[in-house]
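A.B. asks: Structure here, sequence nowhere to be found:
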């Protein structure tokens, strides 16, 4: 496909009247063609207006058309073939195998949400039937369902050019909820975004939907982002990125005449707690797993483990030494952008020069540009609890090993950390009593707790939570990965004494959509669909 | 019971070091004894610290102890007997019968939530079992549940001294979720609040819970409210009151180092749309029902109908005339406070003097202080769509009849209104086609849609939504009435590969709490409890 270098607004290619911007190959530092024309804020309004126009019909789509539409997006992405991976490798420096896996996750998410749309529990049907004979007052017939919030602004993430970009998690859950999406491409991978944008646009057209259901916009990052969040047509925001950018969007959304929800996934250092028992096993293997989790995708994962608490004493010394050997044997991989590599350098310099912090080991730089050598540092729990620098996320392949003297140290340290996406425990059965004391503290801090695994590699399913208290996310009540994410874009509406003819289909007595329904507080499974 | 005139912090009476404040009998303007000592902000911290301390144990209570505790609060409130109604009548001017009904709603809410706690679906258990043989990568065992957010600040509402105050809806749903509550009493009914506060405190003690589960605090309204929302121990806020006060709390919560959710129920004018067909019935009865809904509780209900759209032409003229007769026959009732009555006067003067607005009818003032004469005004749809003054809530017995020429007028007017708690349609079968056009517009504006009823009188059940887009509430994704309200105080946490011994009880294979669980996306009902 020839890339146009333009935004795709409601099915139309739109030449941005602002400046232009190129993607760059971070492995070479060279610009990539074509240059992308950036929209002015005035041009942006065409996308939000179209989304608003598309909302009434899209939000009331029948489940089969709706689900088939999501599946068609997945099919269209698959149909792009190798060109998508090639372009994404050029724009991000990520390995092809990683991007192939990410593509599978992206299409898998869309198909998973298609299943959610067909199954229909997310519609949250509740029926409290009328009780005309109740005393002292009769009870009305009251029925509840969840409806979509309205058009959603989604921001592409630098580190997931597919799974958290154009047709990624936020787009999939918003479209599944029935919300049109205005997608703001990340300027680091504009071509990848355009390829997927055409796939979505084609699916919208093939399904006969209003073209405003999806727009892909390019613009000067912060400017157009603020304009998008401030636009009255936008009713919710999905964002994955830095704490600074995320909190700026939160402020804009809160300051609107009509404030709207922002789902920003921002900053997390994902602590790992190694208990004594875990050191009686294969310490070299444990160290290698840790280093693999730290260095995978050049450490550019939201769930990359930035802290590892290891016991003081001889066994812990062995682990630290093994970590040092493992990281020293690792090589740098190209980072997503020159700017991200520069931030990694600044962050590791600040960490390495903090009082009481030493370098445990460092690998070798990669053979390309922007591929710094992975580094793991060490310190004590006292330094950690007294120096905020040691709590800050360094985006990239860097981590900090913190030596602790006992469970009281761990409890104190855990109570000091900010909100996180994950916390991980490495342990054996003998550690259960101490782990049981730490778990309640961690529950208050994180969205996901793992035992004897590693936090990188987020399963997309029904039970996953990719979220957590601020600053891991702006709203701990939700997740950005997994089917529960659809709830972010819904709100309840009650219907009192509506005649059947005026009730929405999910609430009609005949239950034409075959939904499970909560009747007087108890879920009643849908009757089987009548045989055709 | 002798009222102490002091705050109740974690089971202890605390003498406020600030000024004192008395309740007033709004029917006479006379102060009521005792004077209440107001806390300083420094004293407030004892309540929030105790709530924080209480959280770990209270948030992990077994369902039976938890449910029995909620029921005990209800029993203790019932046990106060007539003294509670007498005091509430003195402090609010509301009729005893209304307050008896409100008490039944309050205790009914607590008992309803006890049932929700025993039933357990709110725990949101999802299990995606491990798939060790999956390729290319095995799947971990991932389990999800909803946990409580943390201590909640609840603000008493002036207009519901029982059902939206000390042990009212917000307190009940927060306690049901497992969140300790710091309750800020409304200074207009301090004695009523204290009586109920002792009932809650006694239930906390009798259940053997940490005393920090509940505190009742008195303080200078805005000051202590801001301090409470800013307190780092507080993790969510429930509020019912004015738009100014609610948005001030929203700003404070958003500006915290760790922003928190605010559930503020604020401003609503609850439009009623009368279609042509409805005028072929008993127009006098329709008018009387409207006036009754406008004037009940002196119009001091969040769902009081502030707007009624009536057709232009002869049939509509008859309705307007009937409304005029009905309201002229009505009498004022004592309003909650002198200040609220003064605001009503200001609001009705502004409305009555707006261009194109005329008085349709006015009743007579009540025999007490602060009992202004109910007033209903009339105007045209053009005035309504061009003058924001006509959109503003007047808290009290006042309403505006807006004459419209046809469905296009209604669609235009409905698209102009702000977010509302409710919208009501008065119609017959012949009006269904036009109503079907209006409904999608209303769904985007309101939390509850009624047909041929009146919005006042909010049923407490499983399907109720008492919420809606801003400014009706600060967060349209929730409800403040009904069992869905428990969701406001919960967030999901996932547990990956935890051994059974470390899993929380709701997630253990043995399912000791007999919960329905979503397994691989499909709800599996709890097995029957084993016979004892």
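C.D. replies: Thanks, I have it. Everything numeric in this text was worked out from a predicted model, so none of it was measured.
A.B. asks: Enumerate every residue touching the closest residue to residue A:496 other than its chain neighbours.
C.D. replies: With Cβ to Cβ, 6 or more residues apart in numbering or on different chains as the measure, residue B:450 is the residue that lies nearest to residue A:496, at 4.2 Å, once sequence neighbours are left out. All C-beta atoms are positioned from the backbone trio N, CA, C, and that covers glycine. The neighbours of residue B:450, taking Cβ atoms under 8 Å, 6 or more residues apart in numbering or on different chains as the test, are A:140, A:496-497, B:422-425.
A.B. asks: next one: residue A:352
C.D. replies: Residues in contact with residue A:352, defined by Cβ under 8 Å, 6+ apart, are A:359, A:375, A:377.
A.B. asks: Number of residues surrounding the first one?
C.D. replies: By that I understand residue A:359. Applying other Cβ atoms under 10 Å in any protein chain shown, we find 14 other residues in the vicinity of residue A:359.
A.B. asks: For it, which three-state class applies?
C.D. replies: When states are read from DSSP: H, G, I helix; E, B strand; the rest coil, the local structure at residue A:359 comes out as strand.
A.B. asks: beta partners for it?
C.D. replies: Note on residue A:359: beta-bridge partners by DSSP bridges are residue A:377.
A.B. asks: There's contact between it and residue A:377 in this structure, I believe.
C.D. replies: Yes - taking contacts as Cβ atoms under 8 Å, residue A:359 lies within contact range of residue A:377: 5.7 Å.
A.B. asks: ok, back up a step: so which of the contacts of residue A:352 is the closest to chain B?
C.D. replies: Distance to chain B across the contacts of residue A:352 (Cβ to the nearest Cβ) is lowest for residue A:377, with 26.2 Å.
A.B. asks: got a pLDDT number for the closest one?
C.D. replies: At residue A:377, the model reports a pLDDT of 98.
A.B. asks: Kindly report the residues of the stretch 301-450 of chain A close to chain B.
C.D. replies: A:419, A:429, A:432, A:435-436, A:439-440, A:443-444, A:446-450 (Cβ under 8 Å from any Cβ of the partner chain).
A.B. asks: let me fix that: the stretch 101-250 of chain A
C.D. replies: A:115-116, A:119, A:121, A:126-128, A:137, A:139-140, A:142-144, A:147, A:149-150, A:250.
A.B. asks: Of those residues, just the buried ones, ChimeraX syntax please.
C.D. replies: Buried members of those, identified by 16 or more other Cβ atoms under 10 Å in any protein chain shown, are gathered into one ChimeraX selection as follows:
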select /A:116,119,121,126,127,128,140,142,143,144,147,149,150,250
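A.B. asks: Out of the residues of the stretch 101-250 of chain A next to chain B, list just those in helices.
C.D. replies: Secondary structure defined by DSSP state H assigns A:115-116, A:119, A:250 of these to helices.
A.B. asks: Could you report the separation of the closest residue to residue A:327 other than its chain neighbours from chain B?
C.D. replies: Setting aside the residues directly before and after it, residue A:327 is nearest to residue A:361 in space (Cβ to Cβ, 6+ apart), at 4.1 Å. Taking Cβ to the nearest Cβ, to the nearest Å as the measure, residue A:361 falls 28 Å from chain B.
A.B. asks: So which residues of the stretch 201-350 of chain A form strands?
C.D. replies: Listed in chain order, the strands found in the stretch 201-350 of chain A under DSSP state E, counting those that start in this stretch are A:214-217, A:236-240, A:262-265, A:271-274, A:307-311.
A.B. asks: what's the most buried one of those?
C.D. replies: Most buried of those, by mean neighbour count (mean count of other Cβ atoms under 10 Å in any protein chain shown): strand A:214-217, with a mean of 30.
A.B. asks: neighbouring contacts of that one?
C.D. replies: For strand A:214-217, with Cβ under 8 Å, 6+ apart as the criterion, the contacting residues are A:7-10, A:39, A:44, A:46-47, A:50-51, A:166, A:175, A:180-185, A:193-194, A:197, A:200-201, A:204, A:224, A:228.
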